[in-house]
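Novice: Whatever this is, show me its structure:
(2 chains)
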Amino acid sequence: MHGQVLIENLAKTYLTKQRQGLFKATEKKVEALKGVSLDIQPGEIFGLLGPNGAGKTTLIKCLTTLLLPTSGRAVINGYELTQQANAIRATTGCMLMGERGLYWKLTGRENLVFFGALYHLSPADRKKRANAIIERLNLGDLADRAVESYSSGQKMKLAFAKALINDAPLLILDEPTNTLDVPSAHELRAVVRELNREGRTVIYTTHIMAEAETLCDRVAIVDHGQVLALGAVDELKASLGREAVIRIEGVISAKASQAVQDLPGVKQAVTAAINGHSQLTVVAQNQAATLPRVIETLAAYKAVMQKITPEEVTLEDVFIARTGRTLADDTRVK
Amino acid sequence: MTVTPYSPPTPGQQLSAMLAEIQLRVLNISRYPGQLAMEIIIPIVFASMPILLGQATSGEQAAANFAANTGTANYVAYLLIGSNVFNIVSVCFGIIARWLRFEQETGTLESIYLTPTSSLTLLSGVAVYSWFRGIVPALVSYIIGCWVFGVNPFEGNLLLALAFILAGLLPLLGVAAIFGAIILKVKESNALIGLMQWVLSFLMGIFFPVAVLPPFLRFLAFLFPPTWMTNGVRSALLGIGFFFGEWYLDFAVLWTFALLAPAFGFWLFRRVEGGIQRNEGVGQF
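Specialist: Sure, this is the predicted structure:
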C-alpha cells in the first residue's frame, strides 16, 4: 500500500552560471537532488531535516510543482507530479518562502480572500474560510491592517494562514517557525498538531532537530540532495546503538578536535560555535572508556573545558553520526 | 493510494480568479494615489513641450505649417492624442513584464504558481486591469490637456476613436505577453522596458506622422499595432486620413494583429515558463 505522497528516485539538476570577470560566464551543473525516494503515509507528520542547502527546499519545490524534476516520479494525493500539476496544487496547502509570499500593501484578510479566489472558492466561501482561519490563528487584531505594518513573526503567521485557505488534506510547510518568537513557534506547532489530529498529512521541513523530535512521527535526514536516514524519531536514535554522546564546552582548537577524532573508539568529533564558545560533540562507542581519553587529549592540547555533559542521543547526534557535520548554533529549538 | 477528489475549474471559476486579480491590482494602486495623478499629468507635460516649441518656432504660422504636413491644423489635439495613446500603450505593454518582475522580487510569484489558477488567467487579469489603468487616466488627461490649451476635446467621431483604442488593446496583450516571457527569462525589466518605450514612442509616431519616417523605419512602424491604433484615433477625431483610406480597412489590420499576436504571445509565454520550471524555477530572481 502506498501513502499520500510517493516519491521514487526523484532527481533535480540545475544549470547555473559561473561568472568569471566582467563578461565571461560558464555553465555549471548542480545536482540538488540525487535520487530521493520516500513514501509518506496519510495522517502522519513527516519531517524533512537537514542543513541549509541540503536539498530540502528543492524537494519541496518539486513536490509543489514549482520545479520540474529532471528524472524520477512522484504521486501526490493520487496525482502524477508531471502530468496533473493543477490537481496537486488544488489539493495541497503550501507555506513556502515565509513572509515573502504575501502582498504587503494589502491587509491580511485581503490576502487570504485573494488566495481563496485562486483556489477557486466561491466569493462567499473565500470570506467564510478567511474568517475561520483568522479566528483559529488569533489574527483578529491584525486582519484588517496592511501586511507591511506586521512584525516578521506576524507575517509568518499570516503565511501559515494562507496555506490553510484551501482546506487541503496535505500541508507542506517549509521552515514555518523561522523568525517566530518562542511562544508563537510553540503556538504554531500546536496548531500543526491539531490540524494533523483532524486528519491532515503534514510535510514539515526544518533545520531545527529538536523541533522535529517533538513534532514529527517520522523524519528523513537530507544532506547533499540525498536521504541519509529515514524512520521514526525513536528508531533513528536507537540506530546509534550503544554509542554515547559527550558534549564539551569551552575553548577547543581545531587541532584538539582532530586529535579527539583520531582516538580509538571515537566515531565522530565535531566542533561548533555556540554562544561564543566551542562545543565539541563526541560520538563514541563506549562512554566510560572514551571519556577519560578525550579529557586527557584535550588537556594535552591546552583546551579550556568549562562544561562536560554526557547526553542522551538526539536527532542532531544522528545527523552528526551520518554526516560528520553539525548544524551549528542556529539549530537550537525555540 | 487514496485519491483526493479534484475537478478542473469551470469557466466561471476561472473568470472569478481573473476578477480577483483585477481587484487585487485595483486595491494595490489605491494605496498609491500619487501614481494615478502622475499618469494624468505626465501626458499633458509630455505633449506640452512640442506644442510650446512649435509655437515658439512658428508663431502664428504654427497651425498652418502643421496642417501642411499632417492634414490637421489642430496640432494641440494631435500631440495630446499622441502622448495619451502612448501612455495607454506604455502601461499595457509594460505591465505584464513589470508585474512578473515585481512579483518575482517580492516572492509572491511563487505563491500564485502554487495555486491551481493558470498563469494565463492571471496574466489576462493583469492585462484587463492595465486597459482600465491606461484608458481612464488617458481620457482624463486628454480632456484636461485640451482645456488647458483651449481646444475642443470632443470634435470628430469619438465612438470610432474609442473603437480603435479597444481594438488596439488586444494585439497589445500579445506583445505584452511576448515581452513578459522575455523578462521571465532574462530577469531584468527596468532597462528593457525603458529602451522599448523609447523605440515604441518613436515608431508609433507620437509627435509626427509615420509618413515622414525613412522607408525602412516606416515599414517597421507598420508592423507595430500601436502605429495603427494612434493613426486610427487621430483620423477618427481629427480627420487626418486612414492609412488605407477607409476606417474599416485600418480596423481590419488591427483585428488581424488582434487574432495573431495574443495566440503567439501566450504560446511563447507558456514555452518560456515551462523551460524555467525545468531549470531554476519561476521564483528565482
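
Novice: Count residues in the vicinity of residue 93, would you?
Specialist: No chain specified, so I'll use chain A. A:Gly93: 23 surrounding residues under other CB atoms under 10 Å in any protein chain shown. The way it works is simple: take the backbone N, C-alpha and C, and place the C-beta from them, glycine included.

Novice: that's the other chain; I wanted chain B
Specialist: So B:Phe93, with other CB under 10 Å, has 24 neighbours.

Novice: And it, how close does it get to B:Ile41?
Specialist: 20 Å (CB to CB, to the nearest Å).

Novice: what about chain B, any weak spots by pLDDT?
Specialist: By pLDDT under 70, the weakly predicted segments of chain B are B:1-2, B:283-285.

Novice: how about the helices in it?
Specialist: B:11-30, B:33-58, B:62-70, B:75-106, B:108-113, B:119-149, B:158-186, B:190-203, B:215-222, B:225-238, B:247-278 (DSSP state H).

Novice: try the stretch 151-300 of chain A
Specialist: Secondary structure of the stretch 151-300 of chain A by DSSP state H, counting those that start in this stretch: the helices cover A:152-163, A:182-197, A:209-215, A:233-238, A:254-261, A:287-300.

Novice: Okay, now the sheet partners of the helix or strand just after the last one, with direction.
Specialist: Later in the chain than helix A:287-300, the nearest helix or strand by DSSP states H and E is strand A:304-311. Using DSSP bridges, strand A:304-311 pairs in its sheet with strand A:244-251 (antiparallel).

Novice: got the CA positions of the strand it pairs with in CSV?
Specialist: Extracted in CSV, the C-alpha atoms of strand A:244-251 (Å, rounded to 0.1, in the frame of the first residue of the first chain):
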residue,chain,number,x,y,z
ALA,A,244,27.1,7.6,23.5
VAL,A,245,27.3,11.3,23.1
ILE,A,246,29.5,13.6,25.1
ARG,A,247,29.4,17.4,24.8
ILE,A,248,32.3,19.5,25.9
GLU,A,249,32.0,23.3,26.0
GLY,A,250,34.9,25.7,26.3
VAL,A,251,37.8,26.9,24.2
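
Novice: Close to chain A: what parts of chain B are there?
Specialist: B:1-4, B:6, B:8-9, B:13-14, B:16-17, B:19-20, B:23-24, B:27-28, B:31, B:106-108, B:110-118, B:122, B:274, B:277-283 (CB under 8 Å from any CB of the partner chain).

Novice: Can you select the buried ones from those in ChimeraX?
Specialist: Buried subset of the residues of chain B next to chain A, written as a ChimeraX selection, criterion 16 or more other CB atoms under 10 Å in any protein chain shown:
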select /B:1,4,6,9,13,14,16,17,20,23,24,28,106,107,108,110,111,112,113,114,115,116,117,122,277,280,281,282,283
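
Novice: isn't there a helix covering A:Lys128?
Specialist: Yes - counting by DSSP: H, G, I helix; E, B strand; the rest coil, A:Lys128 is located in a helix.

Novice: any idea how far chain B is from it?
Specialist: Per CB to the nearest CB, to the nearest Å, A:Lys128 is found 15 Å from chain B.

Novice: Tell me how many other residues crowd that residue.
Specialist: 13.

Novice: right, so the helices of the stretch 151-300 of chain A: which one is the most enclosed?
Specialist: helix A:152-163 (a mean of 22; mean count of other CB atoms under 10 Å in any protein chain shown).

Novice: And the contacts of it?
Specialist: The contact list for helix A:152-163 (CB atoms under 8 Å, 6 or more residues apart in numbering or on different chains) reads A:93-95, A:97-99, A:101-102, A:108, A:111-112, A:115, A:133-134, A:137, A:139, A:142, A:147, A:150, A:171-173, A:176-181, A:184, A:188, A:191, B:111.

Novice: Return the residues in contact with the most centrally placed residue in chain A.
Specialist: The centroid of chain A falls nearest to A:Thr206 when counting by CA atoms, centre = their mean (1.7 Å). By CB under 8 Å, 6+ apart, A:Thr206 lies in contact with A:Gly47, A:Leu48, A:Leu49, A:Glu175, A:Thr177, A:Ala212.

Novice: one step back: for the helices of the stretch 151-300 of chain A, give me CSV that also has mean pLDDT.
Specialist: Putting the helices of the stretch 151-300 of chain A into CSV (pLDDT from 0 to 100) gives the following:
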stretch, mean pLDDT
helix A:152-163, 92
helix A:182-197, 91
helix A:209-215, 85
helix A:233-238, 82
helix A:254-261, 89
helix A:287-300, 84
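
Novice: From A:Leu59, how far off is the closest residue to chain A within the stretch 51-200 of chain B?
Specialist: Nearest residue of the stretch 51-200 of chain B to chain A: B:Gly107, at 2.8 Å (CB to the nearest CB). Applying CB to CB, the value for B:Gly107 to A:Leu59 is 19 Å.

Novice: Check the burial of A:Val251 by counting its neighbours.
Specialist: 13.

Novice: If it is in a bridge, with which residues?
Specialist: Going by DSSP bridges, A:Val251 forms beta bridges with A:Val304.

Novice: I figured it hits A:Ala303, correct?
Specialist: Yes - at 6.4 Å, A:Val251 counts as touching A:Ala303 under the criterion of CB atoms under 8 Å.

Novice: Is A:Glu148 in contact with A:Trp104, as I believe?
Specialist: Yes - counting by CB under 8 Å, A:Glu148 touches A:Trp104, with 4.2 Å between them.

Novice: Comparing the two, which shows the higher neighbour count?
Specialist: A:Trp104 (17 against 13).

Novice: Provide the backbone phi and psi angles at that one.
Specialist: The phi and psi values for A:Trp104, taken as degrees, to the nearest 10, are phi -70, psi -20.

Novice: same deal with the one 4 residues further on?
Specialist: Summarising the backbone geometry of A:Gly108 under the convention degrees, to the nearest 10, its torsions are phi -60, psi -40.

Novice: Over to A:Leu66?
Specialist: According to degrees, to the nearest 10, A:Leu66 has phi -70, psi -30.
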